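Asker: Build me a model from this:
(one chain, ligands or ions: 3)
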Amino acid sequence: MALAHNLGFPRIGRDRELKKALEAYWKGELDEAGLRKVGSDLRAAHWKLQQDAGIELLPVGDFAWYDQVLTHSLMFGAIPERFAPKEGKPTLDTLFGMARGVRESACCGGAHAQEMTKWFDTNYHYLVPEVQQNQQFKLSWEQLFEEVDEARAQGYKVKPVVIGPMTWLWLAKTKGAEFNKLDLLDRLLPLYGEIFQRLAKQGVEWVQIDEPILVLDLPQDWKNAFERAYNLLQREPLKKLLATYFGGLEDNTGLAANLPVDGLHIDLVRAPEQYPSILDRLPAYKVLSLGLVNGRNIWRCDLQKALQTLQHAHERLGERLWIAPSCSLLHSPVDLAREDKLDAELKSWLAFAAQKCAEVATLAAAINQPGSRDAAIAESQQVQQSRANSKRIHKAEVKARLAAVKPEDSRRHAPFAERIDLQRARLDLPDFPTTTIGSFPQTADIRKARQAFKQGQISETDYVEAMRKEIRHAVDFQERIGLDVLVHGEAERNDMVEYFAEQLDGYLFTRFGWVQSYGSRCVKPAVIYGDLSRPKAMTVEWISYAQSQTQKVMKGMLTGPVTMLMWSFPREDVSREEQARQLALAIRDEVVDLEAAGIKIVQIDEAAFREGLPLRKSAWQHYLDWATEAFRLTACGVRNDTQIHTHMCYSEFNDVIESIAAMDADVITIETSRSDMELLDAFERFAYPNEIGPGVYDIHSPRVPPASEMAALMEKAMQRIPAQRLWVNPDCGLKTRAWPETEAALKNMVEAAQTLRETVTEAA
Ligand SMILES: CN1c2c(nc(N)[nH]c2=O)NC[C@@H]1CNc1ccc(C(=O)N[C@@H](CCC(=O)N[C@@H](CCC(=O)N[C@@H](CCC(=O)O)C(=O)O)C(=O)O)C(=O)O)cc1
Ligand SMILES: N[C@@H](CCS)C(=O)O
Ligand SMILES: [Zn+2]
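Answerer: Ligands and ions are numbered 1, 2, ... in the order given. You can find the predicted model right below:
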């Protein structure tokens, strides 16, 4: 019998119950017992939902109060000194302190949060474990064992999920003296032994060990360490399923297939081509779990196509065949059934986490009892056909416009050196111009007004006036504190991608399709279902209104094509490259319209440019070529004296600096404050020619850095980049911050720029 199992279920809840409970707890409006109750209710509901859908072996350990990597850090006792409880065991507040930082109080000093970064190539962020050379590990967190008992008490057959030792160590960051993280492996492995022994005592048969780093280009010493680690873990009890996802094993195929574990999960959605070689190399005693239902997208699975692979696999593997989503469903919205306002045809094309579990179960049943699921398979076929042939997908005018694009459409009319003189003359800005990245605090009032408008409780006129009031407030504030290039504040935007998606043809958006981005923060990725075009201007009225309120320069603010694509659910019937080009043309029109409305600077955010980089180096160049081209196609419709800005956050630029230069934005603002300006090294090495705004303060923290600290960071920037090409700005947008800290920090930032002008410019 082929077994239907799941690698992980979203924990946030179909109504984002976890988000709401966490935020209430942090505000002191819910006590710990209340928060824990929300957690256990969610786990119970999710196990039931998966079992009802037909999943036979349920994941436990996929629930996390903030982030699963953080839970593991606590489990291993990898708690940095600044958070370590003075006495006793770590508590939920220790965990939240590590995630969110601890503010200084009368009794205790503050502590900055652990760093947060992207989980592989997803829009999910994990908290980077911190380890030091003398790191000791000690089992310090009982959550996994408690949740196993909880699930078993409810009668479920469960498979605990742990992040493997190699992946956890790979993701960790060394602190203090430089050393090789692999030196810690021998200290870490006994903990896994302890965990497996305890799970075995609890009656667990299988454990899932996630080792997604097996789909990366691994250095040889890490490959060797994989063998050593799993040889050592071999003697521990429990059957072990090694889970890989987000790509193919490629050169790690032999390694992964032969590790002494009892089963291997592979992602056949991202890397279908790996199936035959793995089947051939898998030892005869091992289970093979095939990830055939896409955990990263929302399209219904082509069950017929999946069945063909499964039938073949079943002939070869028999009982040793397992069926699953490609990866954890953490990256899927929860339940399509919740969508009450979606167009019926479009809805029939989609599957969220709950529906994906049912698809996995249907596939298993179709294998185990041939003929028993024929109706479901036929329906799936029909859906595939209805989508492929739908007139709503293909638009001749979009295709024709793309076909007519000429090489010069992606080139500015003059090189940067010429453009910048014209722009400087037109903009008349001081040295070290100050600006922000775009958004100002998204206050509860703004969100309430939008909700009231969406629910028809206030008129469009009232909503527009409420947003204009926010714009006036943002403009007054920026003028008052003396910023040079102003922004309108993005009050009218629910999200920097969804807002534009709602106005483009070819996108559909859901009401409840939330996916966790980090902690309690969620995104609702819009769905690209057809050829994309812009029926009318999207931002011109807002930006023109903002410009009408000030004599200073107002930046237009747009999201770029690569980020629109990365943070949406894309089509699978055309390439990502083509979708990016369609988006580029649509946004290009907006850039040109803003220019025509008198806007002198347009920022095109490409926050996700770096994260789009494929996990394997061999695929980088192709991506960088089309991503750069899409940006240029968006940006290059303007005059030489119109200044194009771009912004990237969470970026490690060494690998992509050439492409960033090739984007040829006049100004790029980037996140640098947490790296002490070291991120600029790549720009210096490459002799990056255009202007740069290295972020001088971390917007993820409520901390207000003094002006001297920001000026010192800029001094460091000047060691790498000539002063006349530097801008002064925060790391990223301020939408998640509150006004008091925003005001205080930006005032200090303006003061820092003034100090620099006095000291640097006057000395020159
Ligand atoms: C910059 N980042 C972004 C990423 N991805 C995106 N798609 N967008 C981004 O900005 N990736 C990397 C980074 C960091 N990631 C995030 C992700 C999410 C947030 C965030 O603040 N999310 C908000 C939700 C934003 C939103 O859509 N707001 C809606 C309101 C939705 C809502 O909750 N409504 C309430 C009622 C209103 C109320 O009473 O408050 C409801 O429906 O119950 C809107 O503004 O209209 C979040 O809260 O999770 C930040 C960075
Ligand atoms: N303009 C956006 C960029 C975030 S990456 C903002 O300021 O929020
Ligand atoms: Zn940003």
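Asker: how near is the nearest residue to Cys732 once chain neighbours are set aside to Leu92?
Answerer: Nearest residue to Cys732 in three dimensions, chain neighbours excluded: Cys649, at 4.4 Å (Cβ to Cβ, 6 or more residues apart in numbering). Quick note: C-beta positions are derived from backbone N, CA and C, even for glycine. Cys649 sits 29 Å away from Leu92, going by Cβ to Cβ, to the nearest Å.
Asker: and if you look at Lys239?
Answerer: 32 Å.
Asker: wait, does stretch 466-482 contact ligand 2?
Answerer: No. Stretch 466-482 does not reach ligand 2 (Cβ under 6 Å from any ligand atom); its nearest approach is 11.7 Å.
Asker: Extract the C-alpha set from that stretch and format it as PDB.
Answerer: Provided in PDB are the C-alpha atoms of stretch 466-482 (Å, rounded to 0.1, in the frame of the first residue of the first chain):
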ATOM      1  CA  ALA A 466      -8.800  59.400   4.800                       C
ATOM      2  CA  MET A 467      -5.800  58.300   2.700                       C
ATOM      3  CA  ARG A 468      -5.100  61.900   1.600                       C
ATOM      4  CA  LYS A 469      -5.100  63.000   5.200                       C
ATOM      5  CA  GLU A 470      -2.400  60.400   5.800                       C
ATOM      6  CA  ILE A 471      -0.500  61.700   2.800                       C
ATOM      7  CA  ARG A 472      -0.700  65.300   4.200                       C
ATOM      8  CA  HIS A 473       0.500  64.100   7.500                       C
ATOM      9  CA  ALA A 474       3.400  62.300   5.900                       C
ATOM     10  CA  VAL A 475       4.400  65.300   3.800                       C
ATOM     11  CA  ASP A 476       4.100  67.800   6.700                       C
ATOM     12  CA  PHE A 477       6.200  65.500   8.900                       C
ATOM     13  CA  GLN A 478       8.900  65.100   6.300                       C
ATOM     14  CA  GLU A 479       9.000  68.800   5.600                       C
ATOM     15  CA  ARG A 480       9.100  69.600   9.300                       C
ATOM     16  CA  ILE A 481      12.100  67.400  10.000                       C
ATOM     17  CA  GLY A 482      13.900  68.500   6.800                       C
END
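Asker: May I have the residues that are in contact with the residue of the stretch 201-350 of the chain at minimum distance from ligand 3?
Answerer: Closest to ligand 3 within the stretch 201-350 of the chain is His331: 20.5 Å, counting by Cβ to the ion. By Cβ atoms under 8 Å, 6 or more residues apart in numbering, the residues touching His331 are 122-124, 295-296, 515.
Asker: Would you format these as CSV with distance to ligand 3 included?
Answerer: Formatted as CSV, those follow (distance: Cβ to the ion, whole Å):
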residue, distance to ligand 3
Thr122, 17
Asn123, 13
Tyr124, 16
Gly295, 26
Arg296, 22
Val515, 18
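Asker: among these, which ones are buried?
Answerer: 122-124, 295-296, 515 (16 or more other Cβ atoms under 10 Å).
Asker: hey, what's Ala4 bridged with?
Answerer: Beta-bridge partners of Ala4, counted by DSSP bridges, are Ile323.
Asker: Which strand residues bridge Pro694?
Answerer: Each beta-bridge partner of Pro694 is listed here, defined by DSSP bridges: Ile670.
Asker: Wait, it touches Thr672, no?
Answerer: Yes. If you go by Cβ atoms under 8 Å, Pro694 and Thr672 touch, sitting 4.0 Å apart.
Asker: Mutual contacts of these two, please.
Answerer: Common contacts of Pro694 and Thr672 (Cβ under 8 Å, 6+ apart): 679-680, 713, 717.
Asker: Among the residues you listed, find me the one that's closest to ligand 1.
Answerer: Of all these, ligand 1 sits closest to Leu679, with 17.1 Å by Cβ to the nearest ligand atom.
Asker: ok so, going back, so which two of the shared contacts of Pro694 and Thr672 are the farthest from each other?
Answerer: With distances taken as Cβ to Cβ, the most widely separated pair in the shared contacts of Pro694 and Thr672 is Leu679 and Leu713, at 11.3 Å.
Asker: between the two, what contacts are shared?
Answerer: Taking Cβ under 8 Å, 6+ apart as the contact rule, Leu679 and Leu713 both touch 672, 694.
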